[in-house]
Structures are given as structure tokens and as C-alpha cells.
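# Okay, predicted coordinates and the sequence, questions at the end:
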Amino acid sequence: MELDMETMAASIGVSVPVLRFLLCFVATVPVSFLWRLVPGRLAKHVYSAFTGALLSYLSFGFSSNLHFLVPMLLGYASMVLYRPKCGVITFFLGFGYLIGCHVYYMSGDAWKQGGIDATGALMVLTLKVISCAMNYNDGLLKEEELLETQKKYRLIKLPSLIEYFGHCLCCGSHFAGPVYEMKDYLEWTEAKGIWAHSDKGPSPSPYGATLRALAQAAFCMALHLYLVPYHPLSWFTDPRYQEWEFWKKLSYQYMSGFTMRWKYYFIWSISETAIIISGLGFSGWTESSPPKPKWDRAKIIDILGFELAKSSVLLPSVWNIQVSTWLRHYVYDRLVTKGKKPGFFQLLATQTVSAVWHGLYPGYIIFFVQSALMIAGSRVIYRWEQAIPTNMALVKKAFAFMNFAYTLLVVNYSCVGFMVLSMHETLASYGSVYYIGTILPIALILLGYIIPAKPARSKTRKEQ
């Protein structure tokens with residue numbers, strides 16, 4: 001069996017541990033389908049928790065479940081013992097333990113060398129634990145003190161331990177997401193809310209959407225396997241790369257990022273498939289006639305939305321969508337003082353939390369600081385575009401194209417740090433193109449203060 005695993009792993013260019021993880025990861029699809037056949041609420045919670053723990057054991061070994069138990073029990077204990085501050089306590093304890101694991105395992109080095117460990121799954125599980133505690137904390141607050149999302153997801157009653165474990169480990173969904181709310185998990189399990197029978201009929205068939213997600217996953221993996229031999233990351237420190245002309249280096253940065261992204265597209269497409277076929281991915285009906293089912297809760301990536309993004313501001317809403325949503329609800333929005341508008345501080349703090357969540361490698365930190373600068377620079381271009389009168393359509397289109405080109409350049413320049421991780425390789429890559437992706441956003445931010453955009457006034461308003 002081990003020999004067969006080695007042959008299979010070699011045929012697709014991965015190590016045996018990675019192949020073992022991929023097989024268990026793909027197994028989340030049939031495991032999630034079988035959840036539909038389990039009778040009774042309690043049995044469903046037990047099945048969710050047991051299958052998640054079993055797949056973790058088969059993928060990473062027994063120690064993985066011990067690691068998962070630590071933040072899960074810390075979070076639950078904080079909800080039981082000190083509800084008024086359980087959200088903040090769980091946030092710092094959860095992230096503290098995750099950072100400790102990042103430092104101890106240094107998983108990025110292992111991933112680059114073909115290894116794998118449970119840290120990636122722990123990252124997703126940590127977000128689930130924190131959101132559950134924060135929502136239980138919100139259940140104590142008055143409605144007028146809450147944001148709309150807090151009102152929607154707050155928990156009045158403490159979930160039972162088996163409900164909590166089922167939510168955290170549900171059928172292996174902690175492997176790569178998506179992150180979903182405890183309230184949604186409970187309503188799905190109990191066939192309430194949008195999962196209850198309604199005038200639009202019972203919950204829709206997931207099979208068409210499942211096949212589309214599977215086809216997308218197959219395409220993404222095939223394209224990644226085709227491209228990856230032509231764009232190795234080792235080129236960034238190769239002396240021959242340094243001899244290339246500026247535009248060739250820039251295009252190689254783009255193609256390296258482009259190639260890497262299809263690996264993530266594959267992983268997330270499998271995650272979407274599992275959540276859709278279980279039924280949890282259902283998010284309601286369209287307003288069309290006849291109504292069609294939506295599967296937004298399962299959606300993690302909008303491939304075309306990312307690759308053809310017109311503005312850097314749009315990127316968080318189309319890349320790792322559920323984690324971006326989590327960061328907005330549990331970090332960004334909660335840092336905004338009531339009655340005031342969010343600013344660069346909230347953006348930078350959110351990106352910093354995201355960087356720490358990914359790991360403590362310099363490449364991650366640099367990438368997410370770069371992302372904050374990139375988004376701020378893109379907002380300047382957008383404000384200039386909006387300040388142009390509507391009768392100057394060609395100029396408006398020119399600014400829109402400028403924002404698209406700026407986004408394409410800076411995101412692919414920045415993501416090299418995310419891929420290579422080390423300070424030396426990141427700076428070598430950035431320096432090879434004269435730090436254009438860092439200088440450009442900073443220059444735009446400064447120009448935004450020097451040339452502030454004034455909203456264009458329409459002719460009618462001017463006459464008034």
C-alpha cells in the first residue's frame with residue numbers, strides 16, 4: 001500500500017503525506033453527502049464531529065485532534081465561565097495558541113519542501129471557535145448596540161458540547177473552509193430557517209451545483225499541474241533571473257502568482273463541493289421567476305472576479321470569501337467607533353490580523369502590509385474617477401483601466417512574498433523590479449492628499 005502511495009504521489013509531483021491529505025480532503029465530499037442520510041439531530045451532530053476527527057486523524061495523525069481540542073475547549077470554557085468577555089478572551093487565547101503552533105512547526109518551510117501538518121486546519125478551526133464565542137457574547141448586548149450582522153448571528157443560548165464539536169469539525173470542513181456561523185450550522189442541522197419547508201418548496205437539490213464545482217476543481221488542478229513546471233519559485237534567487245530585463249521579470253512575477261493561485265482554486269473548489277452536497281451551502285432563493293437556489297455560503301473564490309478585478313478594493317470580496325467576511329465582521333467592523341467612518345487604521349489592523357493568522361513568516365507580514373497600501377492606493381484612483389464629470393466618459397474609462405492595470409501589477413508583485421515567505425527572497429524579488437509595487441501605492445496615497453478628489457456635480461445640481 002505504501003509503495004502504491006509513493007507511485008501515486010510521484011505521478012502528480014507531491015509527497016506521500018500531501019497525497020494522504022488530498023485523499024482525505026476529497027473524501028469530505030462523500031462524507032458530507034452521507035450526512036444527509038443520518039437521521040435525527042443528535043446523530044447528525046455526532047456524525048459531524050466524529051467524521052471530522054477521523055479525517056483529521058487519517059490526514060495528520062492522532063496529535064492533530066489534540067491540537068484542535070485546545071482552542072475548542074478554551075473557547076467553550078470561556079463561554080461557560082465568563083460570558084461578558086468570552087469573545088475577547090477566546091480571540092486572544094485562540095490566536096495565541098495558533099501563533100505558538102506556527103512558531104513551533106514553521107509549516108511554511110514544510111509546505112515548500114512537500115510536507116504538511118495540521119496547522120492549516122487549525123487556522124480555520126480557530127476562526128470558527130472565535131466567531132462562536134463572540135456571537136454568544138453578543139447575545140448579552142442590547143439590540144440597539146449591535147450591528148446588523150451581530151443581530152443576525154448572535155447566540156442567546158449556549159450550544160451544547162456536541163453541537164459545538166459538530167460545528168467545529170463538521171465532516172472535515174475545517175481542512176480548508178469555508179468558515180460558517182454556529183447559528184447557520186444549528187438551523188441547517190435542525191432543518192429550520194431557510195432549510196425549512198417554505199412556499200418555494202423544500203431545500204433544493206444540490207447535485208447540479210455540486211457537479212459544476214467538481215468540474216471547476218478538475219480544471220483548476222489540471223491547469224496548475226500544467227503550469228507549475230514552467231514557473232518554479234526558485235527562479236527568484238537564480239542569477240539568471242536578475243539578468244532579465246524589467247518587463248520580463250514583471251511578467252514572470254505575474255505568471256508565478258497566476259500559477260500558484262490555481263492550486264488554491266482547486267482546494268477551495270473541493271471545499272465548495274463538499275459544503276454544497278451536504279446542503280449547508282444553500283443560502284436562499286433568487287427573486288427571479290421561477291426562483292433559483294443560491295449557494296453563496298459555500299462560495300470561497302470567484303475566479304474571474306479575482307483575475308479580472310477592476311479595483312484592489314474588490315479583491316477581499318472575491319478571494320477566500322468566507323475568511324474575508326469573517327475578518328470584516330469580527331475585526332474591521334468592531335474596530336470602528338460608533339458614529340465614525342472606518343479609515344486606514346482599521347484596514348491595516350485587519351490585514352495585520354490576517355497576516356498573523358497565516359503565519360509569522362516575513363513574506364506573509366510584508367504581503368498583507370502591501371495589501372493595505374494597495375487597497376488604499378486603489379481607493380485614490382477610484383475617487384479621482386468618480387470626480388470626473390459624466391460627460392467626460394473617455395477620461396473616466398481611462399481611470400477605470402488605470403485602476404485595473406494598477407491592481408494587476410501590484411497584487412502579482414505583492415504575492416511573491418506570500419509564496420516565497422523568506423525576507424531575503426521577498427526583497428530580492430521586489431528589488432529586481434525596483435520596488436515598483438511598493439512605491440506606486442505610497443505615491444498614490446500621498447497624491448491623494450495633494451490632489452484631493454472633489455465629487456463631480458451634475459449639470460442639474462449646478463443649475464439649482
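Good, I have the coordinates.
# pLDDT weak spots in the chain?
1-3, 109-114, 198-202, 455-464 (pLDDT under 70).
# quick one, what contacts the most centrally placed residue in it?
For the chain, the residue sitting closest to the mean C-alpha position, by CA atoms, centre = their mean, is Asn320 at 2.6 Å. The contact partners of Asn320, by CB atoms under 8 Å, 6 or more residues apart in numbering, come to 177, 264, 268, 300-301. (Each C-beta comes from the backbone N, C-alpha and C, glycine too.)
# Please report how far it lies from Pro290.
According to CB to CB, to the nearest Å, Asn320 and Pro290 sit 32 Å apart.
# And for Cys415?
42 Å.
# Could you check which of those two has the larger neighbour count?
Set Cys415 next to Pro290 and count neighbours by other CB atoms under 10 Å: Cys415 wins out with 22 against 8.
# The residue lying closest to that one once chain neighbours are set aside sits in which helix or strand?
Using CB to CB, 6 or more residues apart in numbering and skipping the chain neighbours, the partner closest in space to Cys415 is Gly257 (4.4 Å). Assessed by DSSP states H and E, Gly257 sits inside helix 246-278.
# counting contacts, what elements does that helix pack onto?
Secondary-structure packing of helix 246-278 (3 or more CB pairs under 8 Å, 6 or more residues apart in numbering; DSSP states H and E): helix 16-35, helix 207-227, helix 303-307, helix 393-420.
# To His167, which of the ones you listed lies closest?
helix 16-35 (13.1 Å; CB to CB).
# Would you mind writing the CA trace of the closest one as PDB?
Taking Å, rounded to 0.1, in the frame of the first residue of the first chain, the C-alpha atoms of helix 16-35 are listed here in PDB:
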ATOM      1  CA  VAL A  16       3.200  10.900   0.300                       C
ATOM      2  CA  PRO A  17       1.900  13.000   3.300                       C
ATOM      3  CA  VAL A  18       0.400  15.500   0.900                       C
ATOM      4  CA  LEU A  19      -1.200  12.800  -1.100                       C
ATOM      5  CA  ARG A  20      -2.700  11.300   2.000                       C
ATOM      6  CA  PHE A  21      -4.100  14.700   2.900                       C
ATOM      7  CA  LEU A  22      -5.500  15.200  -0.600                       C
ATOM      8  CA  LEU A  23      -7.300  11.800  -0.500                       C
ATOM      9  CA  CYS A  24      -8.800  12.600   2.900                       C
ATOM     10  CA  PHE A  25      -9.700  16.000   1.700                       C
ATOM     11  CA  VAL A  26     -11.500  14.700  -1.400                       C
ATOM     12  CA  ALA A  27     -13.200  12.200   0.900                       C
ATOM     13  CA  THR A  28     -15.000  15.100   2.600                       C
ATOM     14  CA  VAL A  29     -17.300  15.200  -0.500                       C
ATOM     15  CA  PRO A  30     -18.900  11.700   0.000                       C
ATOM     16  CA  VAL A  31     -18.700  12.100   3.800                       C
ATOM     17  CA  SER A  32     -20.700  15.300   3.500                       C
ATOM     18  CA  PHE A  33     -23.200  13.600   1.200                       C
ATOM     19  CA  LEU A  34     -23.800  10.800   3.700                       C
ATOM     20  CA  TRP A  35     -24.600  13.400   6.400                       C
END
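# relative to helix 207-227, how tilted is it?
Between helix 16-35 and helix 207-227, the angle comes out at 170 degrees (axes from the mean of the first three to the mean of the last three CA atoms, to 10 degrees).
# Show the secondary-structure elements that helix 16-35 is packed against.
helix 2-12, helix 41-60, helix 246-278.
# Need the ones you listed in JSON lines (columns: distance to Phe25 and mean neighbour count).
Output for those, formatted as JSON lines (distance: least, CB to CB, whole Å; neighbours: other CB atoms under 10 Å):
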{"stretch": "helix 2-12", "distance to Phe25": "14", "mean neighbour count": "11"}
{"stretch": "helix 41-60", "distance to Phe25": "7", "mean neighbour count": "20"}
{"stretch": "helix 246-278", "distance to Phe25": "6", "mean neighbour count": "21"}
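# got those helices as CSV, with distance to Val29 columns?
Formatted as CSV, the helices and strands packed on helix 16-35 follow (distance: least, CB to CB, whole Å):
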stretch, distance to Val29
helix 2-12, 18
helix 41-60, 11
helix 246-278, 5
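# Mind checking the ones you listed for the one nearest to Val410?
So among the helices and strands packed on helix 16-35, helix 246-278 is nearest, using CB to CB, at 10.6 Å.
# chain center to that closest one: distance?
Mean-position distance between helix 246-278 and its chain equals 12 Å (CA atoms, centre = their mean, to the nearest Å).
# For stretch 72-88, measure first residue to last.
15 Å (CA to CA, to the nearest Å).
# Contacts for that stretch next, please.
89-90, 93-94, 97, 125, 129-130, 132-138, 140, 158, 161, 164-165, 168.
# Report the buried members of those residues.
By neighbour count, with 16 or more other CB atoms under 10 Å, the contacts of stretch 72-88 hold 89-90, 93-94, 97, 125, 129-130, 132-138, 158, 164-165, 168 as buried.
# Among those residues, which ones are in helices?
Among the buried ones among the contacts of stretch 72-88, DSSP state H puts 89-90, 93-94, 97, 125, 129-130, 132-138, 164-165, 168 in helices.
# Next, format the helices and strands packed on helix 246-278 as JSON lines and append distance to Asp184.
Listed next are the helices and strands packed on helix 246-278 as JSON lines, based on distance: least, CB to CB, whole Å:
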{"stretch": "helix 16-35", "distance to Asp184": "15"}
{"stretch": "helix 207-227", "distance to Asp184": "17"}
{"stretch": "helix 303-307", "distance to Asp184": "23"}
{"stretch": "helix 393-420", "distance to Asp184": "30"}
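# Do a quick rundown of the strands in the stretch 51-200 of the chain.
For the stretch 51-200 of the chain, strands defined by DSSP state E, counting those that start in this stretch do not occur.
# what does the helix or strand following the helix holding Gly257 contact?
Sequence order places strand 284-285 as the next helix or strand after helix 246-278, per DSSP H and E. The contact list for strand 284-285, computed with CB under 8 Å, 6+ apart, reads 194, 200, 291-294, 296.
# about what we covered before: the helices and strands packed on helix 246-278: which one's closest to Glu243?
helix 393-420 (18.1 Å).
# Hey, what's the angle from the closest one to helix 246-278? Just curious.
Using the same axes, to 10 degrees: helix 393-420 against helix 246-278 is 80 degrees.
# Just want the angle from the helix or strand following helix 393-420 to helix 393-420.
Once helix 393-420 ends, the next helix or strand along the chain (criterion: DSSP H and E) is helix 423-432. Interaxial angle of helix 423-432 relative to helix 393-420 (the same axes, to 10 degrees): 150 degrees.
# Great, nothing more from me.
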